[in-house]
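Novice: build the 3D model from these lines:
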Amino acid sequence: MTRLNWGMIGGGEGSQIGPAHRMGAQADGNFVLAAGALDHDAARGKAYAQKLGVAEDRAYGNWQEMLEGEKNRADRVDLVTVATPNSTHFEISKAFLEAGFNVLCEKPMTMTVEEGEEIVKIAKSTGKICAVNYCYSAYPMVREMRDMVARGDLGKIRVVVVNFSHGHHGDAGDADNPRVRWRYDPEMAGVSGQFADCGIHAMHMASFITGDEVRTLSADFASAIDSRVLEDDAMVNFRMEGGTIGRLWTSSVAVGRQHGFDIQVFGENGGMKWWAEQPNQVMYTPLGGRTQIIEKGESGLSDEATRLSRVAIAHPEGFPMAVANIYVDLAAAIKGEAHGAYPTATDGLRSMMAVHQAVESAKDGGAWVDARPLSLR
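Specialist: As a prediction, the model looks like this:
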């Protein structure tokens, strides 16, 4: 197998998301970590990159050095992952796309809708991949749900209910913790806190599974902890292009909930549920029938669910393997092979429009607004 060269920006030592990317990218032998600018502290970033096996001359002090160092190499990186603070995603992704690199960007892809539109245009004009790490869509049983909807097992989808609510930011005394504070700081997080952080994962999942897109939405934002500028709790009602009704709750002050990500899809012929803390199973109830458990690894699953399952039935596959499945599909796309449904820059643009429109809706007392980017109406 020919391994692709991979570079990472951000995600250094102590990072929450960095280890998941490194495990995921290299899990299947598709990528080797060849270059990195891993920390805002240049010396620390270089040292950690070399500790991970990156050659000294490809352990960079910042992303600008990495761009200059890689762009003219014969063995330059085939994919760059951007895992830096939200406010830097646009400029880094833009620079690498324009230089002819494929990019996987952490979400949110940009801070503004205009930046999102520009990234989509650049990706199209350069012919390069710009993917967004909505990695929950790559769990095998999420792919199974998507296939069940597509083949009509549930009939017409009526309602989708999705939650991404946890309680890990519920301590008001933790306000100065740097790993918490930035998420509610407009300078670093943008116009939205919890909805932009977790809610867009939930909204993307609703679209991904149903095969439909959000058309309009109505939002209610709140800061349960008064010192926070941006919201830590949000309720968003939405309507999809195909008529499906959507309900979304996202919160970081729901003490007692841990990861708190689950989705229920209700159709005219049945309903089903998946939750991230039990990702190997889908609960499926046909109309008038008994509830069934569909298990990862069992026979008769869709090609997508089977392709992305690595271990035998009853053995769990966790979050890093969902991230790994994004890299599996990206590697196939870079090599020109068949690939699955990895999230694209267009998905990132839709999310950013939804964030900004939800903010406006919340300011206007929950008024219904158009959630579609202008270029996609």
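
Novice: these two touch, right, Lys71 and Ala99?
Specialist: Yes - with contact defined as C-beta atoms under 8 Å, Lys71 and Ala99 form a contacting pair (4.9 Å). Any C-beta I mention is one placed from the backbone N, CA and C, and that applies to glycine too.

Novice: longest helix in this protein, by residue count?
Specialist: Ranked by residue count and defined by DSSP state H, the top helix of the chain is helix 345-363.

Novice: low-confidence ranges in this structure?
Specialist: For the chain, the stretches with pLDDT under 70 are 1.

Novice: strands along the stretch 1-150 of the chain, start to end?
Specialist: For the stretch 1-150 of the chain, strands defined by DSSP state E, counting those that start in this stretch occupy the ranges 4-10, 31-37, 79-83, 102-105, 130-132.

Novice: by contact count, what packs against the shortest one?
Specialist: Packing partners of strand 130-132 (3 or more C-beta pairs under 8 Å, 6 or more residues apart in numbering; DSSP states H and E): strand 102-105, helix 113-126, helix 345-363.

Novice: how much space between Lys173 and Arg247?
Specialist: In this structure residue 173 is Gly, not Lys. 32 Å (C-beta to C-beta, to the nearest Å).

Novice: can you pick out the residue with more neighbours from the two?
Specialist: A direct count of neighbours by other C-beta atoms under 10 Å for Gly173 and Arg247 places Arg247 higher, at 15 against 7.

Novice: so what's that one up against?
Specialist: 159-162, 235, 237-238 (C-beta atoms under 8 Å, 6 or more residues apart in numbering).

Novice: same question, Asp212
Specialist: Here Asp212 is in contact with 157, 240-242, 244 (C-beta under 8 Å, 6+ apart).

Novice: now tabulate those in TSV and tack on secondary structure.
Specialist: Supplementary listing: these in TSV, determined by DSSP: H, G, I helix; E, B strand; the rest coil:
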residue	secondary structure
Ile157	strand
Met240	strand
Glu241	coil
Gly242	coil
Thr244	coil
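
Novice: list only buried entries from those residues.
Specialist: Neighbour-count burial (16 or more other C-beta atoms under 10 Å) applied to these gives 157, 240, 244.

Novice: list the contacts of the most centrally placed residue in the chain.
Specialist: The centroid of the chain falls nearest to Tyr134 when counting by C-alpha atoms, centre = their mean (1.9 Å). Neighbour list for Tyr134: 107, 201, 204-205, 208, 343, 347 [criterion: C-beta under 8 Å, 6+ apart].

Novice: check those residues and tell me the two furthest apart.
Specialist: Using C-beta to C-beta, the pair of the contacts of Tyr134 lying farthest apart is Lys107 and Phe208, separated by 13.2 Å.

Novice: can you redo the strands of the stretch 1-150 of the chain as a markdown table with mean neighbour count and distance to Ala95?
Specialist: Below are the strands of the stretch 1-150 of the chain laid out as a markdown table (neighbours: other C-beta atoms under 10 Å; distance: least, C-beta to C-beta, whole Å):
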| stretch | mean neighbour count | distance to Ala95 |
| --- | --- | --- |
| strand 4-10 | 25 | 10 |
| strand 31-37 | 24 | 12 |
| strand 79-83 | 27 | 10 |
| strand 102-105 | 26 | 10 |
| strand 130-132 | 27 | 12 |
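
Novice: tell me what the helix or strand that comes right after the longest helix of the chain is packed against?
Specialist: Using DSSP states H and E, the helix or strand that follows helix 345-363 towards the C-terminus is strand 369-370. Other elements packing on strand 369-370 under the criterion 3+ C-beta pairs under 8 Å, 6+ apart are strand 214-222, helix 345-363.

Novice: need the contact partners of strand 369-370.
Specialist: Outside strand 369-370, the residues within contact range by C-beta under 8 Å, 6+ apart are 215-218, 357-358, 360-361, 377.

Novice: okay, among those residues, which ones form the most distant pair?
Specialist: Ser218 and Arg377 (18.1 Å).

Novice: of the two, which one has the most company?
Specialist: Set side by side, Ser218 and Arg377 show more neighbours around Ser218, with 20 against 7, by other C-beta under 10 Å.

Novice: isn't the more buried one right next to Trp368, touching?
Specialist: Yes - here Ser218 reaches Trp368: they are 4.8 Å apart, a contact under C-beta under 8 Å.

Novice: need the overlap of contacts for those two.
Specialist: Ser361.

Novice: show me which pair in the contacts of Asp212 is furthest apart.
Specialist: It's Ile157 and Glu241 that sit farthest apart of the contacts of Asp212, by C-beta to C-beta, at 11.5 Å.

Novice: deepest-packed of the helices and strands packed on strand 130-132, please.
Specialist: strand 102-105 (a mean of 26; mean count of other C-beta atoms under 10 Å).

Novice: name the helices or strands packed onto that strand?
Specialist: Judged by 3+ C-beta pairs under 8 Å, 6+ apart, strand 102-105 is in contact with strand 79-83, helix 89-98, strand 130-132, helix 319-334.

Novice: CA atoms only: put the first one into CSV for me.
Specialist: Presented in CSV, the C-alpha positions along strand 79-83 are these (Å, rounded to 0.1, in the frame of the first residue of the first chain):
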residue,chain,number,x,y,z
LEU,A,79,-3.4,16.3,3.0
VAL,A,80,-3.3,19.1,5.6
THR,A,81,-5.4,18.9,8.7
VAL,A,82,-6.3,22.3,10.3
ALA,A,83,-6.9,21.8,14.0
